[in-house]
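Q: take this sequence and fold it.
(chains A and B)
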Number of protein chains: 2
Amino acid sequence: MKEFGMVYRLYYWDGLQGRGEFVRLALEAAGAEYEDVGRADAPAMMAILESETETSLPFAPPFLQDGELIIPHVANILMYLGPKLGLAPKNKNLQFVANGLQLTITDFVAEVHDTHHPISTSAFYEAQKKAAKARTKDFLQNRLPKFLGYFERMAARNPASTKFIVGGRLSYVDLSLFQVIAGLQYAFPKAMRGFGKQYPKLAALNKRISNQKPVAAYLKSERRLPFSESGVFRHYPELDMAPAKAEAEADAS
Amino acid sequence: MKEFGMVYRLYYWDGLQGRGEFVRLALEAAGAEYEDVGRADAPAMMAILESETETSLPFAPPFLQDGELIIPHVANILMYLGPKLGLAPKNKNLQFVANGLQLTITDFVAEVHDTHHPISTSAFYEAQKKAAKARTKDFLQNRLPKFLGYFERMAARNPASTKFIVGGRLSYVDLSLFQVIAGLQYAFPKAMRGFGKQYPKLAALNKRISNQKPVAAYLKSERRLPFSESGVFRHYPELDMAPAKAEAEADAS
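A: Down below sits the predicted model:
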């Protein structure tokens, strides 16, 4: 148990799910006490980011504060929190397997982000629409099935459980997969149309997570912000298309 | 000490430094026994990647095998190896700080990769040259100084040492920074022209690493492949420019 006053402090941009949501889901699923500092007190977050003395300066949000310790990067935060929250395999070696899966999710999420920002993270989507269209086509045709196929295989092969992707109990990796799939369904409804049939293990995992009691309560709460075009997963109808069409267009070009 | 026959097995594509080099540098700097399986026996690597039963299937190389355990992703491999090789802080909390820095390097390297592959990882550079030019301009103008400035500050603020970026001894993060800087100097000689003056801490760190005995011996050996246009850091003269020029061109557009 954490001592009084020693709640986890999560720092992330206010007003969007973004990458902070992967950490938030783990904290919520475990019923952990945490303060959403970026939302409650944005200047406190900026004070750390712009600090001229902080020795554990994060490059960017999200980051987690636990007492004196500041930990940046989603996968790093989750590797730290996982065992403390009971959301990681107990076996030390399997914790590295979990981290490996989480880092593949990190790469997947970065590629989703780059579908709408292929040229510059600081410029608007509207200024890079043409490149976004080309990158999204490639993503939906090649990368999306590659990533989803990989996670489907891993879910099918977990020797410890048919319910979870790694180890014998719910882990932060399952929660992150839920978030990625929910995000993809929001951003690319056409491309994701056959998802349940094509990836039955992932679809079952996703349903299981959304029914987990603390997660279900969180998803219904005001703390769960909706997906939006400020986040990583953005729905731009002009980018979305069924993978088959993406393939046909690429063949024709 | 590892038992006879229990050497680390590194798997990475043959013929290029790529992301495998970050792991190779750590193994070499520590004088660890390892087998470069991807180079010595490429089919053995493909057998794992294409296995229909392997439960710890990696999404992509590099990955490390230590006995039964298979660990994918550079930062994950280094977090696992670091303490074993004496190349990580001894303090557990600082190990998460090191991992946070390494994951920022991971992001930095992914952005370097995307300067020449902004649209599709599977298509040739030549098929995405125009977008590559635009992305590289943004990278050199905005991202390169942001990342290097961040690491310079972190090197200056390490409370435990003026010689290393985290903790009181050489770590895998120092070695990875060396590799990134060497790669950037190869890929973007114009953009990196003022590097030593602008980032004196990083420049000193880099010199120190290249003079570390096992590293210096490795760099002179045949095991160190040259940078090339198959790797992450590629020198395409048409993409390189001094950051000031990148700024002027972006203003004019």
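
Q: the helix or strand in which residue A:179 is found - contacts with which helices or strands?
A: Mapping residue A:179 onto the secondary structure by DSSP states H and E places it in helix A:172-187. Here helix A:172-187 touches helix A:20-29, helix A:74-85, helix A:92-116, helix A:195-198, helix A:200-211, going by 3 or more CB pairs under 8 Å, 6 or more residues apart in numbering or on different chains; DSSP states H and E. The way it works is simple: take the backbone N, C-alpha and C, and place the C-beta from them, glycine included.

Q: among the ones you listed, which is the most enclosed?
A: Ranked by average neighbour count under the criterion mean count of other CB atoms under 10 Å in any protein chain shown, the helices and strands packed on helix A:172-187 are headed by helix A:20-29 at a mean of 25.

Q: how far does that helix sit from the chain's center?
A: Computed by CA atoms, centre = their mean, to the nearest Å, the separation of helix A:20-29 from the middle of its chain amounts to 9 Å.

Q: ok, that helix near chain B or not?
A: No. Helix A:20-29 is not in contact with chain B by CB under 8 Å from any CB of the partner chain; minimum separation 13.4 Å.

Q: list the buried residues for the next helix-or-strand element following that helix?
A: Using DSSP H and E, the helix or strand that directly follows helix A:20-29 along the chain is strand A:34-36. Within strand A:34-36, the residues scored as buried using 16 or more other CB atoms under 10 Å in any protein chain shown are A:34, A:36.

Q: check whether whatever helix or strand residue A:131 lives in comes near chain B.
A: Element membership for residue A:131, per DSSP H and E: helix A:129-138. Yes. When contact is scored as CB under 8 Å from any CB, part of helix A:129-138 falls within range of chain B: A:131, A:134-135, A:138.

Q: sorry, back to before: and the helix holding residue A:179 with helix A:20-29, angle?
A: Compare the direction of helix A:172-187 with that of helix A:20-29 by axes from the mean of the first three to the mean of the last three CA atoms, to 10 degrees and you get 130 degrees.

Q: how far away from the center of its chain is helix A:172-187?
A: The gap between where helix A:172-187 is centred and where its chain is centred comes out at 6 Å by CA atoms, centre = their mean.

Q: quick one: work out the angle between it and helix A:200-211.
A: Interaxial angle of helix A:172-187 relative to helix A:200-211 (the same axes, to 10 degrees): 100 degrees.

Q: now do the same for the closest residue to residue A:73 other than its chain neighbours: its pLDDT.
A: Taking CB to CB, 6 or more residues apart in numbering or on different chains, and ignoring the residues beside it in sequence, residue A:73 has residue B:103 as its nearest neighbour in space, at 4.1 Å. Taken from the predicted model, the pLDDT recorded for residue B:103 is 98.

Q: double-check residue B:103 against residue A:78; I have them as touching.
A: No. With contact defined as CB atoms under 8 Å, residue B:103 does not count as touching residue A:78 (11.5 Å).

Q: follow-up on the earlier one: so which of the helices and strands packed on helix A:172-187 gets nearest residue B:47?
A: With CB to CB, the closest approach to residue B:47 among the helices and strands packed on helix A:172-187 belongs to helix A:92-116: 18.7 Å.

Q: residue contacts, residue A:148?
A: Remark: with contacts taken as CB atoms under 8 Å, 6 or more residues apart in numbering or on different chains, residue A:148 is in contact with A:195, A:198-199, A:202.

Q: swap the cut-off to 7 Å and go again
A: A:199, A:202 (CB atoms under 7 Å, 6 or more residues apart in numbering or on different chains).

Q: just residue A:107 next, same as before
A: Taking CB under 7 Å, 6+ apart, one finds nothing in contact with residue A:107.

Q: switch to 10 Å and redo it
A: Contacts here follow CB atoms under 10 Å, 6 or more residues apart in numbering or on different chains; on that basis residue A:107 touches A:143, A:147, B:59-60, B:73, B:106, B:110.

Q: and the residue nearest to residue A:78 when sequence neighbours are not counted, what does it touch?
A: For residue A:78, the nearest residue in space outside its immediate sequence neighbours is residue A:172; the separation is 4.4 Å by CB to CB, 6+ apart. Residue A:172 makes contact with A:22-23, A:25-27, A:29-30, A:74-75, A:77-79, A:81-82, A:85, A:87-88, A:98-99, A:101-102, A:105, A:166 under the criterion CB under 10 Å, 6+ apart.

Q: if we go to 6 Å?
A: Residue A:172 makes contact with A:26, A:78, A:82, A:87 under the criterion CB atoms under 6 Å, 6 or more residues apart in numbering or on different chains.

Q: wait, which of those residues is closest to residue A:218?
A: residue A:26 (10.8 Å).

Q: how near is the residue nearest to that closest one when sequence neighbours are not counted to residue A:224?
A: In space, and not counting its chain neighbours, residue A:26 is closest to residue A:172: 4.5 Å by CB to CB, 6+ apart. The span separating residue A:172 from residue A:224 equals 17 Å under the rule CB to CB, to the nearest Å.

Q: who wins on neighbours among the residues of helix A:129-138 next to chain B?
A: With neighbours defined as other CB atoms under 10 Å in any protein chain shown, the most crowded of those is residue A:135; it has 26 neighbours.
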